[in-house]
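Colleague: Everything below, folded, please.
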Amino acid sequence: MRTPSLFSPHVCSTGRSVGTYEPDGLRLAITGPCYAMSQVALIGAVQPDVTVGDGEARIEFRVERGWDLALVNLILLPRDAGVTARVFPATQRVALVAESAEGVQLLATRRVDTVTVRPDAWLSLGVERLGDRARVILNDEPALDADGVPTDAGAAFAYVGRLAPVEVGIEVAVTLRDFAASTIEGGDPSRSVVRVPRPVMDPRHERILSFIRSDLVANPGTDPQAAERRAIGRAILNMIGETQVNLEVAPPPESTAARFYAPRRVIYVDEHLMTYTPHVATMLLLPEIVHAHQERAGLPRSCIERELDTAKWESRLWRAWFGPEGKQPPGDEIEAEFTATVALDNQGRLREAIEGLCGDQCAGQ
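Modeller: Predicted structure coming up:
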């Protein structure tokens, strides 16, 4: 966990919670909320390639700063519901928590007396699941069991919280290392631990990627507009390559044509998008590719700046294809929206439009 190859920390728009790769592992540090309107202070990192159904995930951690306030969690996180092993090192209390769209449910908690927990020492935290029963493992010792946990297989997500009012400036820092996932005896073989090396691409995406390679990257034109298309095409493929984002065809978490889902580092594309013209399909996929790259790079930090960045990419590509004013006339309502984005960009009003459109979505981020 000393490089971004396995775990990627969240990017906090406030800059008050950060993840850095150190010689000992991934250091997650908190001095305040991750987003401006957050009521809690926490930061996490996800391992999106390993899926655990019936099995165990385990990670080692060491509290570097803020021992009395540190809270360490390891969650198996599918798209809709998860199970979390939680430890409060200073009080040696562990908990099992079920999380879903409906909220958080505490399943069980207890103080562990059989495990020595002390500052500056490496500790091991594991969550084991068999069907709807889960167990917390602390330093190789079973610490807590509970029934009724969500059963959907999920990725491993570790996060650190701070037990203090959000406005307090005290730092909590925890280093993570040595993640492991394994199957357990008695588990359903169809729900075992699976690691799928990325990138994974649904073959239906090949139509769009081939179009990017042929129409943009390999464009034979000699005019400035053709040169711009080549530059954009190379940038798109580079962003996909650098992020190692998975490209899947499945209903996005929200009612959109495509959506980048950061916890799994995957772009979900609705099947209907595959029926659009290559120009429109590329335009709808482009913002999510940019979002994946933003998450990987950690920039821009704020939600509004990220949405503005993606809108500028859309405007740039639509202009490169159809000229300074965009496509005239647009072929349908979707193309009209792209041409309107170009017009707003030309008028210097793109930020104003993004703030109006995304203000609620980005509130506090």
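
Colleague: Distance of Gly359 relative to Ile334?
Modeller: Using Cβ to Cβ, to the nearest Å, Gly359 is found at 23 Å from Ile334. No exception for glycine: its C-beta is placed from N, CA and C like everyone else's.

Colleague: Compare those two (neighbour count), which wins?
Modeller: Set Gly359 next to Ile334 and count neighbours by other Cβ atoms under 10 Å: Ile334 wins out with 16 against 11.

Colleague: Assumed the more buried one was part of a strand.
Modeller: No - in this structure, Ile334 is helix, not part of a strand, as judged by DSSP: H, G, I helix; E, B strand; the rest coil.

Colleague: these two touch, right, Asp24 and Leu176?
Modeller: No - using Cβ atoms under 8 Å, Asp24 is not in contact with Leu176, being 9.3 Å away.

Colleague: For the two, indicate the residue with more neighbours.
Modeller: Under the criterion of other Cβ under 10 Å, the comparison of Asp24 against Leu176 puts Leu176 first, with 25 against 15.

Colleague: tell me what the host helix or strand of Leu237 is packed against?
Modeller: Using DSSP states H and E, the element containing Leu237 is helix 224-243. If contacts are counted by 3 or more Cβ pairs under 8 Å, 6 or more residues apart in numbering; DSSP states H and E, helix 224-243 sits against helix 278-297, helix 303-322.

Colleague: Tell me the bridge partners for the closest residue to Arg111 other than its chain neighbours.
Modeller: Closest residue to Arg111 apart from its sequence neighbours, by Cβ to Cβ, 6 or more residues apart in numbering: Arg93 at 5.0 Å. Legend: beta-bridge partners of Arg93 under DSSP bridges are Phe88, Arg111.

Colleague: do you know how far the spatially most central residue of the chain is from Thr243?
Modeller: Residue closest to the average C-alpha location in the chain (Cα atoms, centre = their mean): Ala262, at 1.9 Å. Distance from Ala262 to Thr243, counting by Cβ to Cβ: 11 Å.

Colleague: same check, this time on Phe61
Modeller: To Thr243, Phe61 is 26 Å away according to Cβ to Cβ.

Colleague: picking that back up, reformat the helices and strands packed on helix 224-243 as a markdown table; add mean pLDDT.
Modeller: Output for the helices and strands packed on helix 224-243, formatted as a markdown table (pLDDT from 0 to 100):
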| stretch | mean pLDDT |
| --- | --- |
| helix 278-297 | 93 |
| helix 303-322 | 95 |
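
Colleague: can you list the ones you listed in a markdown table and add mean neighbour count?
Modeller: Formatted as a markdown table, the helices and strands packed on helix 224-243 follow (neighbours: other Cβ atoms under 10 Å):
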| stretch | mean neighbour count |
| --- | --- |
| helix 278-297 | 21 |
| helix 303-322 | 20 |
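
Colleague: Just send those back as CSV, with distance to Gly221 too.
Modeller: Shown next, in CSV, are those (distance: least, Cβ to Cβ, whole Å):
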stretch, distance to Gly221
helix 278-297, 16
helix 303-322, 11
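
Colleague: So which of these is nearest Asp120?
Modeller: Proximity to Asp120 (Cβ to Cβ) singles out helix 278-297 among those, at 31.6 Å.

Colleague: could I have the closest one exported to CSV, CA atoms only?
Modeller: Presented in CSV, the C-alpha positions along helix 278-297 are these (Å, rounded to 0.1, in the frame of the first residue of the first chain):
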residue,chain,number,x,y,z
PRO,A,278,-20.5,7.5,-32.2
HIS,A,279,-20.2,11.3,-31.7
VAL,A,280,-22.9,11.5,-29.1
ALA,A,281,-21.9,8.3,-27.3
THR,A,282,-18.3,9.6,-27.0
MET,A,283,-19.5,12.9,-25.7
LEU,A,284,-21.6,11.2,-23.0
LEU,A,285,-18.8,9.0,-22.0
LEU,A,286,-16.1,11.7,-22.0
PRO,A,287,-17.2,13.5,-18.7
GLU,A,288,-17.0,10.2,-16.8
ILE,A,289,-13.5,9.5,-18.2
VAL,A,290,-12.5,13.0,-17.0
HIS,A,291,-14.1,12.4,-13.6
ALA,A,292,-12.1,9.2,-13.2
HIS,A,293,-8.9,11.0,-14.1
GLN,A,294,-9.8,13.8,-11.6
GLU,A,295,-10.3,11.3,-8.9
ARG,A,296,-6.9,9.7,-9.6
ALA,A,297,-5.0,12.9,-9.8
